[in-house]
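A.B. asks: only geometry, no sequence info:
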């Protein structure tokens, strides 16, 4: 009997990418990473993950690589943990006759302008918006919508390029910066259009949807404006029943309106009234920010495993198996600093892990590395996860632990000898 392969088209660089491969192996399937640059994913070498180097933006080259694999084994499924490659993976699964989402639907969903049009047309609550291709158009749109406005790319992930602009000068400057980019951080061609959106206020949440089932509601913490860096999550969100229902129902309506409904979707929303939820955006993929791991620890539902099972044509396992609470807090810096030497880093991590309820504490950077204020997810320099029987206890433990982890950062003047050597 030939091996069964799960093809992973690229990956996210942090979080769940590694878990996809591990869950596949646990299910008796061989994970194979198809990527242009294996060096982007250090975990692949550490885990000895089978890797095929191929230009994943070249449809013909990708198909040739897959056909070569089919000569050796059975391709049982296709997935990606990276939002940038969800349409590619979906199209490849369809071509192979394997389970997956509609490639057309996820491609349209990834275009946030098209997503906004679809949600508005379906009567799903979302922000007022305009699509522009120049700084002058952005200024006109901001005047029409009303300041402040959110200016962001029509495609992207992890809050990259998303900024709140308080006046027209800021709108023009940020629009010009975004429109001057010819490619994104993955080297994919930028579309030459941006969004100017109404700034929705109110507490922020996400609903993790699988198929058309709202699995759990997540409370989100966001860092200081004008950036929108996610600094923490609480699972499940502690909410009155009617507010939780409003968020869940709106999320599922959005997923249906966009023609999704296969596998995972991460729906970000704000409560703009007591029972009014409005969509920030829908992502046709599993959540980032370690949310699937929080869901697993709090609810006993392994969303990564569910996604792998769905790709293999098996029924996902979404029955709740736990009733704990889990919180994550990301370490960010308010100003420029530098990480401590190795021994001090280890001590900070150790102290964070001693906080009761803390189950994980990590730093992402090397000793002595300069750090600064986060503009997007790439500026986060570590995290802690805490689990408890009550949401307040988990959140308090995570807050205490991340404060201790933060002692690994020195804010001495980097141009003096006070900084760490």
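C.D. replies: Structure received. Note that the structure is a prediction, hence the values are computed from the model and not measured.
A.B. asks: now the helices for the chain?
C.D. replies: Using DSSP state H, the helices of the chain run over 17-26, 42-46, 59-70, 86-96, 103-110, 112-121, 135-145, 168-180, 241-257, 291-299, 303-311, 342-353, 391-405.
A.B. asks: how many neighbours does the closest residue to residue 130 other than its chain neighbours have?
C.D. replies: Distances taken as CB to CB, 6 or more residues apart in numbering place residue 141 nearest to residue 130, at 3.6 Å, with adjacent residues excluded. Where C-beta positions appear, they are placed from N, C-alpha and C, glycine not excepted. Number of residues near residue 141 (other CB atoms under 10 Å) recorded here: 22.
A.B. asks: ok now do residue 141, which residues does it touch?
C.D. replies: The contact partners of residue 141, by CB atoms under 8 Å, 6 or more residues apart in numbering, come to 130, 132, 149, 196.
A.B. asks: Mind doing that once more with 6 Å?
C.D. replies: Going by CB atoms under 6 Å, 6 or more residues apart in numbering, residue 141 touches 130, 132, 196.
A.B. asks: Setting aside sequence neighbours, what's the nearest residue to the last one?
C.D. replies: Yep, that's residue 196 we're talking about. The shortest distance from residue 196 to any non-neighbouring residue, by CB to CB, 6+ apart, is to residue 141 (4.0 Å).
A.B. asks: Let me see the contact set for residue 2.
C.D. replies: 73-74.
A.B. asks: roughly how far apart are it and residue 11?
C.D. replies: Residue 2 sits at a distance of 25 Å from residue 11 (criterion: CB to CB, to the nearest Å).
A.B. asks: repeat for residue 205
C.D. replies: Taking CB to CB, one finds residue 205 at 26 Å from residue 11.
A.B. asks: for residue 317, same thing?
C.D. replies: Distance, residue 317 to residue 11, by CB to CB: 23 Å.
A.B. asks: which of the two has more neighbours?
C.D. replies: More crowded of residue 317 and residue 11, by other CB under 10 Å: residue 11, with 26 against 13.
A.B. asks: Count the residues that sit near the closest residue in space to the more buried one that isn't next to it in sequence.
C.D. replies: Distances taken as CB to CB, 6+ apart place residue 17 nearest to residue 11, at 3.6 Å, with adjacent residues excluded. By the criterion of other CB under 10 Å, residue 17 has 22 neighbours.
A.B. asks: Need the per-residue pLDDT for residue 17.
C.D. replies: You'll see residue 17 listed with a pLDDT of 85.
A.B. asks: now the one 3 residues further on
C.D. replies: We note a pLDDT of 95 for residue 20 in this prediction.
A.B. asks: What is the longest strand of this protein by residue count?
C.D. replies: strand 213-222 (DSSP state E).
A.B. asks: ok so, going back, rebuild the helices of the chain as JSON lines, extending it with distance to residue 230.
C.D. replies: Shown next, in JSON lines, are the helices of the chain (distance: least, CB to CB, whole Å):
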{"stretch": "helix 17-26", "distance to residue 230": "18"}
{"stretch": "helix 42-46", "distance to residue 230": "22"}
{"stretch": "helix 59-70", "distance to residue 230": "31"}
{"stretch": "helix 86-96", "distance to residue 230": "20"}
{"stretch": "helix 103-110", "distance to residue 230": "19"}
{"stretch": "helix 112-121", "distance to residue 230": "17"}
{"stretch": "helix 135-145", "distance to residue 230": "24"}
{"stretch": "helix 168-180", "distance to residue 230": "20"}
{"stretch": "helix 241-257", "distance to residue 230": "17"}
{"stretch": "helix 291-299", "distance to residue 230": "10"}
{"stretch": "helix 303-311", "distance to residue 230": "17"}
{"stretch": "helix 342-353", "distance to residue 230": "19"}
{"stretch": "helix 391-405", "distance to residue 230": "13"}
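A.B. asks: Out of those helices, the one nearest residue 325 is which?
C.D. replies: With CB to CB as the criterion, residue 325 lies closest to helix 391-405 of those, at 4.3 Å.
A.B. asks: mean confidence score for the closest one?
C.D. replies: Taken as a whole, helix 391-405 has an average pLDDT of 96.
A.B. asks: returning to that earlier point: and residue 284, which of the helices of the chain is closest to it?
C.D. replies: helix 103-110 (4.3 Å).
A.B. asks: Remind me what the closest one packs against, helices and strands.
C.D. replies: helix 86-96 (3 or more CB pairs under 6 Å, 6 or more residues apart in numbering; DSSP states H and E).
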